[in-house]
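Engineer: Predicted model and sequence below, questions to follow.
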Amino acid sequence: MASASHSLFFSSPSNPISTSQTPQQSLKPLLLLPFSWRTPSFRSIRVSSSSEAAAVEATPPESVNAVAAPETEKVVLPTNESSEWLLRIRHTCAHVMAMAVQKLFPNSKVTIGPWIEHGFYYDFDMEPLTDKDLKRIKKEMDRIISRNLPLVREEVSRDEAQRRIMAINEPYKLEILDSIKDEPITIYHIGNEWWDLCAGPHVESTGKLNKKAIELESVAGAYWRGDESKPMLQRIYGTSWENEEQLKAYLHFKEEAKRRDHRRLGQELDLFSIQDDAGGGLVFWHPKGAIVRHIIEDSWKRMHMHYGYDLLYTPHVAKADLWKISGHLDFYKENMYDQINIEDELYQLRPMNCPYHILVYKRKLHSYRDFPVRVAELGTVYRYELSGSLHGLFRVRGFTQDDAHIFCLEDQIKDEIRGVLDLTEEILLQFGFTKYEVNLSTRPEKFVGGDDIWEKATAALRDALNDKGWEYQIDEGGGAFYGPKIDLKIEDALGRKWQCSTVQVDFNLPQRFDISYVDSNSEKKRPIMIHRAVLGSLERFFGVLIEHYAGDFPLWISPIQARVLPVTDTQMNYCREVVARLKENDIRAELCHGERLPKLIRNAEKQKVPLMAVVGPKEAESKTVTIRSRLSGELATMAVDEFIRRVRLSIESRTSL
């Protein structure tokens, strides 16, 4: 299962530097890529649940364990971001940028240039660019826009397209042309000066673009087709909007996202690191980050046991033959590490946990009376990712999945899916996530299993969603070949969507591993297998959690919940007593001293410690503490026992003090 979406092993993880797909393409309803060579169509159908009261954003009911979203200045992107007009603007901007680049750098070669979330990019085979070059390119774009050149669509034959491409010596366009299966070939011209293979659509003329609503953001390296054996290209990223106000809103949003960047906060708050000496994409959890991970794991385990799961721990390696049976070596080998020779037998670092859980199931003969069988594991897996695609905690090479599998009968699918949705809601709610985007993906053109079981499984997923009262979208034909699935994206404090939870029915692995059970007629039958994850991976979820709260975690999961601060060193002995009392009551506390009190307070606030217990001469004499909240300032002076009581109550209720 994949770290981000828990997709089964045949779904290769997306590569942010691949030129064969659009990165971060979250505008799902309109599948519009410049070289798709298909008329744009809306594949996703929005379906309301049967409940009239279904909330648009699937807001769970009030709960004592709910955590309010962090208080922050509301940063909202324009509501029309997914409008077709805005996508036309961005697509046209990509072409205008490419034209500007080739005017300034005549030897540059173009590849592809799609719109993406918040903007566009284009890849060029050329010498490395600098920020100064970006300014020159933007000025040239402004000149092209001011000339109000028309964008003209032309249909040509394949032979004619090839002749024109060869005439201007654009080798990448030839390769793109070879990959186009449909005819006629369409070309878009900017005036009579520049053209590119493209399916469109675009605005009518460059004058329709607002120069003041466009900005070139950055340059990055990108391998052609995402293949590191192919040339390294220069990728220019830009953003474009309908007006200046939208651009300003986006730039403000971008600054807020930068302030919340988990890589920066992870270093500042000493939560985790990725050490070059150990290798890229391998996460070191520091003491404070490890505490948060422990809290997440402990909560996860307790909830799963409450929902009837048995916990597993399985090996990090296995004989390579196991991965032949599962199909990984045939379909997933490029994402697996090289095999290890041990005593003339080949072993493999595991990229998935699924085969291990199947082996646990197969250890004994099962009866229909045993079902459902639910097993869960926080299993660490290892996958090879290109170094250029690694990104903090969001794209790593070793990570721990909150993996679980359910083996059940056909008539149990709906109830089991509903149970997964209930568990998902409960886990995400306690971490402060209450808004979801839910997608139901149905049978693709190529699939395994019979029509009847596909229809029954898909209906079970749909019925479970309807019973839950969640609004969802249907992605027709978007399921994996081995079964239908539900994917859930959580919305963070900035309104960004993150793929986390997934539920997938699998008709493939039970057949590959020939698992069975004995039914009521003493005949062997094949059970239904359900893959599911709630958090996706602990690393990625922790990164999302850091950015959601900007590192300012709720009291119950904060690595340090209280910091005791003496006014002078004469109160040190009493401060040590206070820290000891807090720790005895399972409150994570520490003593800091050696600076003047204002600096001690500033340091605690900078480290995002929720509570400070200030101790001066009066507090030491009266055996009290003066409590200060990082967010609310000074609260009150109280006895240590009262402070402990209030903190414990806040921790249990998942609220602030």
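Structural biologist: Okay, I see it. Numbers count the residues shown, from 1 in each chain.
Engineer: Only C-alpha atoms from now on, for both contacts and neighbour counts.
Structural biologist: Fine.
Engineer: Which helix or strand lies directly C-terminal to the lowest-mean-pLDDT helix or strand in the chain?
Structural biologist: Across the helices and strands of the chain, mean confidence by mean pLDDT, DSSP states H and E is lowest for strand 44-47: a mean of 31. Sequence-wise, the next helix or strand downstream of strand 44-47 (DSSP states H and E) is helix 84-104.
Engineer: Would you mind pulling up the elements that that following helix packs against?
Structural biologist: With contacts taken as 3 or more C-alpha pairs under 8 Å, 6 or more residues apart in numbering; DSSP states H and E, helix 84-104 sits against strand 115-116, strand 119-125, helix 131-146, strand 232-240.
Engineer: Nearest approach to Phe507 belongs to which of these?
Structural biologist: Checking these against Phe507 by C-alpha to C-alpha gives strand 115-116 as the closest, at 34.2 Å.
Engineer: Tell me the strands beside the closest one, with direction?
Structural biologist: Using DSSP bridges, strand 115-116 pairs in its sheet with strand 119-125 (antiparallel).
Engineer: Just the helices from the stretch 351-500 of the chain, written as ranges.
Structural biologist: All helices of the stretch 351-500 of the chain, identified by DSSP state H, counting those that start in this stretch, fall at 354-361, 413-430, 451-468.
Engineer: how much space between Ala464 and Asp422?
Structural biologist: Distance, Ala464 to Asp422, by C-alpha to C-alpha, to the nearest Å: 10 Å.
Engineer: of those two, who's got more company?
Structural biologist: Neighbour totals were compared for Ala464 and Asp422, and Ala464 leads with 21 against 13 (other C-alpha atoms under 10 Å).
Engineer: In this structure the more buried one contacts Ile413, no?
Structural biologist: No. Assessed by C-alpha atoms under 8 Å, Ala464 is found out of contact with Ile413, at 9.1 Å.
Engineer: Tell me how many other residues surround the spatially closest residue to Glu244 that is not a sequence neighbour.
Structural biologist: In this structure, Glu244 finds its nearest non-sequential neighbour in Ala213, 4.7 Å apart by C-alpha to C-alpha, 6 or more residues apart in numbering. Neighbour count of Ala213, defined by other C-alpha under 10 Å: 16.
Engineer: same question, Glu343
Structural biologist: Other residues near Glu343 come to 7 when the count uses other C-alpha under 10 Å.
Engineer: For it, give me its contacts.
Structural biologist: Applying C-alpha atoms under 8 Å, 6 or more residues apart in numbering to Glu343 gives no contacts.
Engineer: Tell me the pLDDT of it.
Structural biologist: We have a pLDDT of 93 for Glu343.
Engineer: Can you list the low-confidence ranges for this protein?
Structural biologist: When residues are selected by pLDDT under 70, those of the chain lie in 1-82.
Engineer: Quickly note the distance from Asp569 to Pro617.
Structural biologist: In terms of C-alpha to C-alpha, Asp569 sits 10 Å off from Pro617.
Engineer: do Gly495 as well
Structural biologist: Remark: distance between Gly495 and Pro617 (C-alpha to C-alpha) = 47 Å.
Engineer: who's Ala404 bridged to?
Structural biologist: When bridges are called by DSSP bridges, Ala404 pairs up with Ala376, Arg532.
Engineer: pretty sure it is touching Ile358, no?
Structural biologist: No. Taking C-alpha under 8 Å as the definition, Ala404 is not a contact partner of Ile358, at 11.0 Å.
Engineer: Those two - which one has more neighbours?
Structural biologist: Taking other C-alpha under 10 Å, Ala404 and Ile358 do not tie; Ala404 has more neighbours (25 against 19).
Engineer: so what's the more buried one up against?
Structural biologist: Contacts of Ala404 by C-alpha under 8 Å, 6+ apart are 374-377, 531-533.
Engineer: before we move on, what about Leu440?
Structural biologist: Shown in contact with Leu440 (C-alpha under 8 Å, 6+ apart): 461-462, 472-475, 484-487.
Engineer: Looking at these, which one is closest to Glu228?
Structural biologist: Among the contacts of Leu440, and counting by C-alpha to C-alpha, the member closest to Glu228 is Asp487, at 30.4 Å.
Engineer: thinking the closest one is in contact with Ser501, fair?
Structural biologist: Yes. Using C-alpha under 8 Å, Asp487 is in contact with Ser501, at 6.0 Å.
Engineer: before we move on, the earlier item: wait, which of the helices of the stretch 351-500 of the chain is closest to Glu117?
Structural biologist: Smallest distance to Glu117 across these (C-alpha to C-alpha): 25.3 Å, for helix 413-430.
Engineer: can you give me the angle that closest one makes with helix 451-468?
Structural biologist: Interaxial angle of helix 413-430 relative to helix 451-468 (axes from the mean of the first three to the mean of the last three C-alpha atoms, to 10 degrees): 40 degrees.
Engineer: buried stuff in helix 413-430?
Structural biologist: 413-414, 416-421, 423-430 (16 or more other C-alpha atoms under 10 Å).
Engineer: doesn't Leu269 make contact with Gln607?
Structural biologist: Yes. Between Gln607 and Leu269 there is a contact at 6.0 Å, judged by C-alpha under 8 Å.
Engineer: tally of neighbours for Leu635?
Structural biologist: Here the count is done by other C-alpha under 10 Å, and Leu635 has 12 residues near it.
Engineer: Perfect, that will be all.
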